[in-house]
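**Q** Provide a 3D model corresponding to the input given below.
(2 chains)
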Amino acid sequence: MGRVAGWYFAAAPARYLAAVRIGIGAYALGWLAFTAAELLALADLDPSRFDPVGVVGVLGIGPLDRGVVGAILAGTVISAGLVVAGWWYRLAAPAFALGLLLLTTYQNSWGKLLHTENLLVLHALVLAVSPAADALVVGAHRRRPDSFRYGWPLRAMALATVLAYVAAGVSKLRYGGLPWMTAENLQSWVAFDLVRKELFGDPYLAAVVDALDHAWPFAVAAVFTVAVELVAPVALLGRRWARVWVAAAWLMHASVLVVMAVGFPTSWSASPSSRCC
Amino acid sequence: MGRSEGKAERAHRWSRLGAAAAAVAVAVVVASVHPMTWPQGRDSFPLSPHPMFSSLRSDADVRLVVALGEGPDGTVALPTEATGHRHLTQAVRALSDAVNEGGDRPALLCADVAAWAEEHDPGLERVRIVTARFDGLALLRHGDRTAHVLAEHASCASGE
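**A** Have a look, this model is predicted:
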């Protein structure tokens, strides 16, 4: 217990946490810009398609007018900009995190749940209660000594990251069992996914169709995927472990991106960095 | 305030900060681990057991609810955007949900898709919401997009 507490409360430079603040805020701004039109257009959908999840269900929020979504969107964009700049952080960071939580959950309340923004939202919520604007603030030169105040938020975000991978690995073993790690299963999943992409007009790499004739790459990829997910907590053991695991996780995501054209941009950037942990 | 009182005040503030930080760690762990105990099929956001692609598949035959557009050039499966979504998985879910819930849902969805078709593909004359089977490997290797229609749930004129 003492070692866990020592790891969690170890001091870190203020600029590390501030850099993560800027990265998450900037990424969220990009996501908001990319998704704004889709969020606004949700008002045109048949309301019977609305199936609230998470905080949207808990708060009893129904289908929203375009103007309301636009107002939440504008508020979230402004607060995200303030978070990146480091201005009025105590007000801006909670507003940013709550706005992002609401918008992403609302988007996911219109059908199939997406799993690409989960970590972004969880990290934004941790940032909202941390002193992440004690360094790298536009127009200000603040010098703060290293402190546990800047270390624990990074480690809380790292915990959320590795546990998300573990959850994905556990799900595969729970629902698919050991046969999930066979070439046949992964080949079938990839083929199924490519067929849907072909039918619905989504992009994919044509060369992957030829690869479906070969079993061994899929057998290796299936075992590798489950291994990377289940052993994710080793990234918290130290810098060397973190580097190895992050490299493996990036390789897995790169493979998924090439083969299935599915990207997890937050995971690419949120892997527990070897510097922070 | 005396020096020792100031020290005690500071220590108290730091211990409160430490307790709050520890509470965040506990919240993160509980929020991440708890979904792993949910029954199969349950999911939420942002808390999730991350179940994507976790079940077993043994073939590439695809049975899907799709929106088919019919025109002078033949029949085509309409793209993701026709359902009002940008993500494929959400379009697939919107179509299957409409069929599973029944009632007037397939007809309403058909009307939405037909309105999209009128704007984006004016050549189409009719939209059908169907459950169809596709031979995955024939489609991927030979471009055989034949939809073996298993059931028709709604049909409407484009622009209706």
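
**Q** all contacts plus neighbour counts: C-alpha atoms, from now on.
**A** Noted.

**Q** Now do the domain split for chain B, please.
**A** B:1-53, B:62-157 (automatic domain parsing).

**Q** most packed of the ones you listed?
**A** When you average the neighbours per residue for each of the domains of chain B (mean count of other CA atoms under 10 Å in any protein chain shown), domain B:62-157 leads with a mean of 19.

**Q** quick one: average confidence on that one?
**A** Taken as a whole, domain B:62-157 carries a mean pLDDT of 90.

**Q** picking up where we left off before, reformat the domains of chain B as TSV; add distance to A:Ala235.
**A** Formatted as TSV, the domains of chain B follow (distance: least, CA to CA, whole Å):
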stretch	distance to A:Ala235
domain B:1-53	16
domain B:62-157	31
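
**Q** would TSV of those with distance to chain A be doable?
**A** Listed next are the domains of chain B as TSV, based on distance: least, CA to the nearest CA, whole Å:
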stretch	distance to chain A
domain B:1-53	5
domain B:62-157	4
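
**Q** right, and these - which one's nearest A:Phe34?
**A** domain B:62-157 (10.8 Å; CA to CA).

**Q** Span of that closest one from start to end?
**A** One end of domain B:62-157 to the other measures 27 Å (CA to CA, to the nearest Å).

**Q** can you count the residues close to residue 61?
**A** Reading this off chain A. 13 (other CA atoms under 10 Å in any protein chain shown).

**Q** Actually, chain B is the one I wanted.
**A** 18.

**Q** Skip the chain neighbours and tell me the closest residue to the residue positioned nearest the centre of chain B.
**A** The centre of chain B sits closest to B:Gln90, judged by CA atoms, centre = their mean, with a distance of 2.8 Å. Spatially, and ignoring its direct neighbours in sequence, B:Gln90 is nearest to A:Lys112 (4.6 Å; CA to CA, 6 or more residues apart in numbering or on different chains).

**Q** contacting residues around that neighbour?
**A** B:89-94 (CA atoms under 8 Å, 6 or more residues apart in numbering or on different chains).

**Q** Dump the C-alpha coordinates for the helix or strand where the residue nearest to the centre of chain B lies into CSV.
**A** In the assignment (DSSP states H and E), B:Gln90 maps to helix B:88-101. Output of helix B:88-101 as CSV, limited to C-alpha atoms (Å, rounded to 0.1, in the frame of the first residue of the first chain):
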residue,chain,number,x,y,z
LEU,B,88,-20.9,3.3,-39.6
THR,B,89,-21.7,1.6,-36.4
GLN,B,90,-24.3,4.2,-35.4
ALA,B,91,-26.0,3.8,-38.8
VAL,B,92,-26.0,0.0,-38.4
ARG,B,93,-27.5,0.4,-35.0
ALA,B,94,-30.1,3.0,-36.1
LEU,B,95,-31.3,0.6,-38.8
SER,B,96,-31.5,-2.5,-36.6
ASP,B,97,-33.1,-0.6,-33.7
ALA,B,98,-35.9,0.7,-36.0
VAL,B,99,-36.6,-2.9,-37.1
ASN,B,100,-36.4,-4.4,-33.6
GLU,B,101,-38.8,-1.8,-32.2
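
**Q** which parts of the helix or strand hosting A:Ile24 are buried?
**A** Element membership for A:Ile24 (DSSP H and E) is helix A:14-41. For helix A:14-41, burial by neighbour count (16 or more other CA atoms under 10 Å in any protein chain shown) applies to A:14-22, A:24-29, A:32, A:36, A:38-40.
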